[in-house]
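Novice: Sequence first, predicted model second:
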Amino acid sequence: MRSTFIAGVAVVLAASTAAAQEVTLRAVSSFAEGTEFSKNFERFIEKVNADGKGLIKINYIGGPRAVPPFEVGNAVRTRVVDIANVTGAFYTNLMPEADGFKLNGKPMSEQRQNGTWEYINQLHNQKLNSYYLARQFHNVPFHIYLNKKIDKIDFSGLKIRVTPVYRDVVEALGGTPITTAPGEVYTALERGVADGYGWPVTGIFDLGWDKVTKFRMEPPFYSVEVNVLVNLDSWKALNDAQRKVLTDAALWLEGLDSEKVAVIKAERERQAAAGIQALDFGPAASKAFLDRANDVAWQSVIKRAPESGPKLRQLAGN
Ligand code: 173
């Protein structure tokens, strides 16, 4: 009798402890809600909330209206938010070598096996007080889009909207870089403040940029990286079961990159149908551009991060 009573009390206690342990994490995205580089993160949130019922819940505050894109890294560092969807290009002020992540286009399954994930996680622990939960879009490249026709790959006389992703290559090819958040691209093009811009192959329709874009320069270059970061104190405060929900959902999220092959093909067709003309200067000019883009970006990363830059380059193998 007595032992049954004690066991009963223990079950009630365990149940109430579990309920008390349901954790809510506050999340933001550095890209507008519902657009290409937020969408999969939003699916990840739905999955965590379904799989983690009773254990963990993510409260999605939203996109750049909540936290400006270039401040999202600092917001996760200082635990203003617990979890963020953000590209390294937006937090190079805190971690200069974050600009090098775009130079590694290996699938995350491989990066998790060969020590890259672990090294980049350490960098995030140290410099951003955060845990590197996931990296998305390794197989999505960038382009330079233009409104003035060029007859060779040379940006002399052109003002081009950039982030750290494109700054070095735009400068190396004679262009004038103008840094803006994505939210200012449309107006910059409409007013002629910029003659072109850097952006991935996907997503230009989300904010209506197709209406103010004439050309897409070939070839595609670099690899998009949009990371899911968790504040390190928030991460450490979770129990094993809660961390497992996040980790399983993170691996699932990285797997969604396989959908991008079809998305990229459709997007290129949609751009052509919208009258955006591809400017292709042939294989030799393309190769010269890619070599130059790779060289100037690594030089810049290594100059600003003399210790971690070479290590990232070795891991990327290019
Ligand atoms: O162009 C940008 O704003 C940028 O750097 C970026 C990075 C990753 C995905 C989309 C855009």
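Specialist: Structure received.
Novice: ok, the residue of the stretch 151-300 of the chain found nearest the ligand - how many residues close by?
Specialist: In the stretch 151-300 of the chain, no residue comes nearer to the ligand than Thr163, which is 3.5 Å away by CB to the nearest ligand atom. C-beta: built from backbone N, CA, C; applies to glycine. Look at Thr163: counted by other CB atoms under 10 Å, it has 22 neighbours.
Novice: Look up phi and psi at it.
Specialist: Backbone torsions of Thr163, given as degrees, to the nearest 10, read phi -130, psi -180.
Novice: Same check on the one 10 residues further on?
Specialist: The phi and psi torsions at Leu173 (degrees, to the nearest 10) take the values phi -100, psi 20.
Novice: Give the closest residue to it in space, chain neighbours not counted.
Specialist: Phe155 (4.6 Å; CB to CB, 6 or more residues apart in numbering).
Novice: Next one, pLDDT for the one you found please.
Specialist: As predicted, Phe155 sits at a pLDDT of 98.
Novice: just Ala20 next, same as before
Specialist: What the model reports as pLDDT for Ala20 is 57.
Novice: what are the ranges of the helices in this protein?
Specialist: Under the criterion DSSP state H, the chain carries helices at the ranges 2-20, 36-51, 72-77, 108-113, 116-128, 164-172, 185-190, 232-236, 240-255, 260-273, 282-304, 308-316.
Novice: Need these in CSV (columns: mean neighbour count).
Specialist: Below are those laid out as CSV (neighbours: other CB atoms under 10 Å):
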stretch, mean neighbour count
helix 2-20, 9
helix 36-51, 19
helix 72-77, 24
helix 108-113, 16
helix 116-128, 18
helix 164-172, 23
helix 185-190, 17
helix 232-236, 16
helix 240-255, 18
helix 260-273, 14
helix 282-304, 16
helix 308-316, 18
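Novice: Could you export these to JSON lines, including columns for distance to Gly62?
Specialist: Below are the helices of the chain laid out as JSON lines (distance: least, CB to CB, whole Å):
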{"stretch": "helix 2-20", "distance to Gly62": "28"}
{"stretch": "helix 36-51", "distance to Gly62": "9"}
{"stretch": "helix 72-77", "distance to Gly62": "12"}
{"stretch": "helix 108-113", "distance to Gly62": "26"}
{"stretch": "helix 116-128", "distance to Gly62": "21"}
{"stretch": "helix 164-172", "distance to Gly62": "23"}
{"stretch": "helix 185-190", "distance to Gly62": "19"}
{"stretch": "helix 232-236", "distance to Gly62": "18"}
{"stretch": "helix 240-255", "distance to Gly62": "19"}
{"stretch": "helix 260-273", "distance to Gly62": "23"}
{"stretch": "helix 282-304", "distance to Gly62": "31"}
{"stretch": "helix 308-316", "distance to Gly62": "31"}
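Novice: The residue nearest to Leu173 contacts Gly174, correct?
Specialist: Yes: judged on CB atoms under 8 Å, Phe155 makes contact with Gly174 at a distance of 5.0 Å.
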